[in-house]
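# Structure of the sequence below:
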Amino acid sequence: MEAGGSSPPPDPSCGLCLAKKAPYTCPRCHLRFCSVPCYREHGSCAQDFHRRELQIRLQGQLEDPASQRRLREALLRLQELPEPGDADLQLGLDPDLEQAESEALWEQLSPDQRKRFQRLLNSGEISTLLPPWKPWWTGRGRGAALIQELGGALAGPETLHTPLQQPQPSQGTEALQQPLEEISASGQSPAEASTPVPPVPAAIPPLSSLTRSPVSPLVRFQVPNVLYAYAYSLALYHGEVEEAQLLPEFCEAVLDVSGALGAKQGFRSTAEALQAALQAIAMGRCPECLLGNAGVMAAVAQILMGECQGRQKGYSLAALAHLSRLLSKGKRRVPAGDQARLYAAKKKCDFFLSWVNDNEGALTLLALEVQREYKAHLDSIKEVGAVTQELEKMWGGKVPPPKKTLIEELD
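Below you'll find the predicted structure:
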């Protein structure tokens, strides 16, 4: 296998009308489109995608006490969300239902309230009702900036250690907004609110003890792919992946997103590794997480750079060790036919853990390459948004006007 990268394939054409420019992509089947009409003629792929996301979010709600509590809190806080024309709307929930089962609470809702709740679930806005989750790799004291842009050029290693701003998803797109490390309104610092860093094994075997053959130089490109799947899946389940019912789903999501762990793929560049993870998500196997695709890239860069320059590999070791433990626990909770796949993924994590421990100096360049892909991803989002605005301006709305009859048959 050669270390050099291959030339990028040509941009695909529209899957329906075969137009050359197709900036839109179906979130489930990854088919490209040139316009909104072609997207709508494609069918119910997007609706099925959101339905799959809803099913994943609601699995485990019926028996798990923590999930029941979160669902009750979401339903009760739904009362505080006014909509135009219904400022006086009251959900009419009985406060004595705090300990009621989820099914009983659902029965207390009127048909209109159920539709409203279902609308919030389908749009993903229900996540705004949940308590904020702070990833363990954010909000901690650091000396400098993680990744900065100076005069249009990538920052050097000496300027890489303050938090990179992470975008938040909005209506299916990501927009660069405030950093996740911003102090909360309650006055509690994010370092206090974020979860603790996962422990790192006291003894990590060197690579020489794991393989007799020379280690391929392409191993470095597999690490961003694995870290992307880890950060994405952790955010997808709001960080609560230790729960017995969610752990198998977390492991499944990791293996679906990471081709290096779940599909025996090998990547020849950081860009290829990240794009493979994005493509796996876009194909509909997993929904978008609360960080957004670009936000997960920012998380990977933060993990690769670590808490500070003196302990750069600490976060990468913590993430890979955490993922290895979760895969090991998940192996005991999946059917026998899936245990071998999780065991193989766990062994790969252990190998990457040893590689990171022996190659700390390679992490800075990996973080810079992730930042480059992060910026390119944001630029593509802005470009698609600009094209969408131009189309809506030309149409006079979000929907194109009806087509005029060009040829009419006369009797």
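# low pLDDT regions in the stretch 201-350 of the chain?
The stretch 201-350 of the chain contains residues with pLDDT under 70 at 284-286.
# Show me what counts as buried in the helix ranked longest in the chain.
If you go by DSSP state H, the chain has its longest helix at helix 363-395. Neighbour-count burial for helix 363-395, counted by 16 or more other C-beta atoms under 10 Å, picks out 363-364, 366-375, 377-378, 381, 388. From N, CA and C alone the C-beta is placed, and that goes for glycine too.
# Roughly how far does residue 108 sit from residue 117?
Remark: distance between residue 108 and residue 117 (C-beta to C-beta, to the nearest Å) = 12 Å.
# of the two, who's got more company?
Between residue 108 and residue 117, counted using other C-beta atoms under 10 Å, the more crowded position is residue 117 (18 against 14).
# Helix, strand or coil: sort out residue 18 for me.
Secondary structure, DSSP: H, G, I helix; E, B strand; the rest coil: residue 18 is coil.
# For the longest helix of the chain, the averaged confidence score.
Here helix 363-395 scores 87 as its mean pLDDT.
# Let's see the helix or strand harbouring residue 113 as CSV, backbone CA atoms only.
Using DSSP states H and E, residue 113 sits in helix 111-123. The C-alpha trace of helix 111-123 is given here as CSV (Å, rounded to 0.1, in the frame of the first residue of the first chain):
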residue,chain,number,x,y,z
PRO,A,111,-53.6,15.0,20.6
ASP,A,112,-52.4,18.5,19.8
GLN,A,113,-49.7,18.2,22.5
ARG,A,114,-48.6,14.8,21.2
LYS,A,115,-48.3,16.2,17.7
ARG,A,116,-46.2,19.1,19.0
PHE,A,117,-43.9,16.7,21.0
GLN,A,118,-43.6,14.5,17.9
ARG,A,119,-42.7,17.5,15.8
LEU,A,120,-39.9,18.4,18.2
LEU,A,121,-38.6,14.9,18.1
ASN,A,122,-38.7,14.7,14.3
SER,A,123,-36.9,18.1,13.9
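# Show me what it is packed against.
helix 45-58 (3 or more C-beta pairs under 8 Å, 6 or more residues apart in numbering; DSSP states H and E).
# So for the helix it packs on, mean pLDDT?
Mean per-residue pLDDT for helix 45-58: 63.
# cool, and stretch 108-116?
The average pLDDT for stretch 108-116 rounds to 85.
# Buried residues, that stretch. List them.
109, 113, 116.
# Return the closest of the residues you listed with respect to residue 36.
Nearest to residue 36 among those: residue 116, at 26.0 Å, using C-beta to C-beta.
# Could you measure from residue 388 over to residue 269?
Here residue 388 is placed at a distance of 30 Å from residue 269 (C-beta to C-beta).
# do the same with residue 242
Note on residue 242: its distance to residue 269, by C-beta to C-beta, is 34 Å.
# which other helices and strands contact the helix or strand containing residue 340?
According to DSSP H and E, residue 340 maps onto helix 336-358. Helices and strands touching helix 336-358, as assessed by 3+ C-beta pairs under 8 Å, 6+ apart, comprise helix 219-236, helix 247-257, helix 259-262, helix 313-331.
# Of all those, which one comes closest to residue 290?
Ranking the helices and strands packed on helix 336-358 by proximity to residue 290 (C-beta to C-beta) places helix 219-236 first, at 5.4 Å.
# if we can go back for a sec, ok, the buried residues of stretch 108-116 vs residue 273, which is closest?
Nearest member of those to residue 273, counting by C-beta to C-beta, is residue 116, at 40.8 Å.
# and residue 354, how many residues sit next to it?
Using other C-beta under 10 Å, residue 354 has 21 neighbouring residues.
# got it, and residue 231?
By other C-beta under 10 Å, 26 other residues sit near residue 231.
# And for residue 280?
Counted with other C-beta under 10 Å, residues neighbouring residue 280 total 25.
# who touches it in this structure?
By C-beta atoms under 8 Å, 6 or more residues apart in numbering, residue 280 lies in contact with 256-259, 286.
# how does it look with 6 Å?
Applying C-beta atoms under 6 Å, 6 or more residues apart in numbering to residue 280 gives the contacts 256-257.
# could you dump the helix or strand containing it to CSV, C-alpha only?
Counting by DSSP H and E, the element that carries residue 280 is helix 270-280. The C-alpha coordinates for helix 270-280 follow below in CSV (Å, rounded to 0.1, in the frame of the first residue of the first chain):
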residue,chain,number,x,y,z
THR,A,270,-6.5,12.3,7.2
ALA,A,271,-8.9,13.8,4.7
GLU,A,272,-9.9,10.4,3.5
ALA,A,273,-10.3,9.1,7.0
LEU,A,274,-12.6,12.0,8.0
GLN,A,275,-14.6,11.9,4.8
ALA,A,276,-15.2,8.2,5.2
ALA,A,277,-16.7,8.8,8.6
LEU,A,278,-18.9,11.7,7.3
GLN,A,279,-20.1,9.5,4.4
ALA,A,280,-21.0,6.7,6.8
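# Tell me the helix or strand right after that helix.
helix 292-305.
# by contact count, what packs against that following helix?
Packing partners of helix 292-305 (3 or more C-beta pairs under 6 Å, 6 or more residues apart in numbering; DSSP states H and E): helix 219-236, helix 313-331, helix 363-395.
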